[in-house]
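Colleague: any chance you can model this:
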Amino acid sequence: MNPGPPFDVAEVTSQMVKGDEMAYRLFYDEYFERLRRYLLVVTSGNEEATREALQSALVRVVKHIKRFSTESDFWGWLTVLARTALFDQTRKRKRYWTLLERFTRHAEIEQVADSADPDAKLLALLEQNLAALPIDEKELLESKYIQGASVRELAEGSQTTEKAIESRLVRIRRKLKASLLEALKHESRSQ
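Modeller: Here you go, the predicted model:
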């Protein structure tokens, strides 16, 4: 097999930014298998997760490509895209299972809330107030406190800073606390 010309990251990424199809083919030939192997290691051999994350990562390359001057910078960027794609995919799966679990527990919580147990009533109020939050705020809380994602992972997944994630978490917790206190006041007045 005749090896092609050396892969010039700066030239190829510059052409990819311009939408050059040949540059994308060169990129694919050079990095597809390498990224697949990388994700296969990260997923501990899970072929399905690897395939889905790789597909998502390649779409992100097309959407967010920029010029890179060194191969190490480009590879580092590609691995961040791949890990982020895998993290997002994992988060979506967990969100689905959490939703199913919540759905089945909802009836149990309502039954317990009708009892005189104050902890059960507080749990029911918390569930109601969580359900009232905007979806992006619920997802952030679930990712952090239910799924155990780190602030760094959340920042990488949403392509923002760790400080921004921390600030959002503080605002959401304050909002949730205020709505819980208001609900508790309302409940104590109605009794």
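Colleague: secondary structure element for the most centrally placed residue in the chain?
Modeller: Among the residues of the chain, the one closest to the centroid is D88, at 3.5 Å (CA atoms, centre = their mean). Following DSSP states H and E, one finds D88 within helix 71-113.
Colleague: what average pLDDT does that helix get?
Modeller: The average of the pLDDT scores along helix 71-113 is 76.
Colleague: got it, and stretch 181-191?
Modeller: 74.
Colleague: separation between the residue nearest to the centre of the chain and D20?
Modeller: D88 sits at a distance of 28 Å from D20 (criterion: CB to CB, to the nearest Å). The C-beta positions use only the backbone N, C-alpha and C, and glycine is treated the same way.
Colleague: go through stretch 33-51 and flag the buried ones.
Modeller: 35-36, 38-40, 42-43, 49-50 (16 or more other CB atoms under 10 Å).
Colleague: nope, stretch 64-76 is what I meant
Modeller: Under 16+ other CB under 10 Å, the buried positions of stretch 64-76 are 65, 68, 74-75.
Colleague: quick one on the thing from earlier: cross the buried residues of stretch 33-51 against strands and list the overlap.
Modeller: Using DSSP state E, no member of the buried residues of stretch 33-51 falls within strands.
Colleague: wait, which of these is closest to E137?
Modeller: A49 (27.0 Å; CB to CB).
Colleague: for the closest one, which non-adjacent residue is closest in space?
Modeller: T43 (4.4 Å; CB to CB, 6 or more residues apart in numbering).
Colleague: do F68 as well
Modeller: Using CB to CB, 6+ apart, the nearest residue to F68 is F74, at 3.9 Å.
Colleague: distance of that neighbour from V9?
Modeller: Relative to V9, and taking CB to CB, F74 is found at 5 Å.
Colleague: shared neighbours, those two?
Modeller: F68 (CB atoms under 8 Å, 6 or more residues apart in numbering).
Colleague: about what we covered before: phi and psi next, for the residue nearest to A49.
Modeller: phi -90, psi 10 (degrees, to the nearest 10).
Colleague: how about P134?
Modeller: phi -60, psi 150.
Colleague: next one: I65
Modeller: Dihedral angles for I65 - degrees, to the nearest 10 - are phi -60, psi 140.
Colleague: my read: it touches M16, true?
Modeller: Yes: under the criterion of CB atoms under 8 Å, I65 makes contact with M16 at 4.7 Å.
Colleague: read off the pLDDT value for D136.
Modeller: Reported pLDDT for D136: 86.
Colleague: in which helix or strand would I find it?
Modeller: Judged by DSSP H and E, D136 forms part of helix 135-141.
Colleague: show me the contacts for M16.
Modeller: Contacts of M16 (CB under 8 Å, 6+ apart): 23-24, 27, 61, 65.
Colleague: change it to 10 Å
Modeller: 22-24, 26-27, 61-62, 65-68 (CB atoms under 10 Å, 6 or more residues apart in numbering).
Colleague: how about CSV for these, with pLDDT, secondary structure and distance to E162 added?
Modeller: Formatted as CSV, the contacts of M16 follow (pLDDT from 0 to 100; DSSP: H, G, I helix; E, B strand; the rest coil; distance: CB to CB, whole Å):
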residue, pLDDT, secondary structure, distance to E162
M22, 94, helix, 39
A23, 93, helix, 34
Y24, 94, helix, 33
L26, 94, helix, 35
F27, 95, helix, 30
V61, 94, helix, 24
V62, 93, helix, 27
I65, 94, coil, 25
K66, 94, coil, 22
R67, 94, coil, 27
F68, 94, coil, 24
